[in-house]
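> just coords:
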């Protein structure tokens, strides 16, 4: 009986000492936070690469169409002043852009043209109609990146 009690006590002591050798709960949480930060940083880098590829694609298409590409204004990179920060939030349309915002779809050209004139009356001089197999679509702008188009889409949704 003494041997059994001694072995049981030795086993329990060994078990407690093994459990206390591992990382604490705080250390585990800190490791998880570090992994999350690394994952977020990688995701941000992937987004930047994707946006660069979108720009390259839109510029390649513009070149193929014979259009001239103008580089962005270097002064806009400085967003420290309120004026430059506001300018950086604006989106620009170019004839080279591959992204548009579709605002309406109609089965006849007449209806699409009426809608087009309404958008042009609102100040969207870059509005146009495209024809598809199932009708006519009214679209706004040509944007270089998906992000620019999404920003403008959000403004259109808020205002119209």
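Received, thanks. None of these values were measured; they are calculated from a predicted model.
> mind listing what's buried in the helix or strand hosting residue 117?
Assessed by DSSP states H and E, residue 117 sits inside helix 109-121. Residues of helix 109-121 classed as buried by neighbour count (16 or more other CB atoms under 10 Å): 112, 115-116, 119. C-betas here are computed from N, CA, C, even on glycine.
> JSON lines please, covering those residues and showing pLDDT.
Output for these, formatted as JSON lines (pLDDT from 0 to 100):
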{"residue": "112", "pLDDT": "93"}
{"residue": "115", "pLDDT": "94"}
{"residue": "116", "pLDDT": "93"}
{"residue": "119", "pLDDT": "92"}
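> out of these, who's nearest residue 137?
residue 112 (7.2 Å; CB to CB).
> Would you check that the closest one makes contact with residue 103?
No - the pair residue 112 and residue 103 does not pass the contact test of CB atoms under 8 Å, sitting 10.5 Å apart.
> what sits against residue 97?
58, 141-144, 148-149 (CB atoms under 8 Å, 6 or more residues apart in numbering).
> pLDDT score for the closest residue to it other than its chain neighbours?
The shortest distance from residue 97 to any non-neighbouring residue, by CB to CB, 6 or more residues apart in numbering, is to residue 142 (3.3 Å). If you check residue 142, the pLDDT there is 87.
> what are the ranges of the strands in this structure?
Here the chain has its strands, by DSSP state E, at 99-106, 127-132, 135-143.
> So what touches the first one?
Strand 99-106 is touched from outside by 58, 112, 115, 119, 127, 135-146, 148-149, 152-153, 156, 160, with contacts defined as CB under 8 Å, 6+ apart.
> Can I get the buried part of those as one PyMOL selection?
Those of these that count as buried under 16+ other CB under 10 Å are selected in PyMOL with:
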select buried, resi 58+112+115+119+127+136+137+138+139+140+141+142+143+144+145+148+149+152+153+156
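> elements contacting the longest helix along the chain?
Secondary structure of the chain per DSSP state H: the longest helix is helix 25-64. If you count contacts as 3 or more CB pairs under 8 Å, 6 or more residues apart in numbering; DSSP states H and E, helix 25-64 packs onto no helix or strand.
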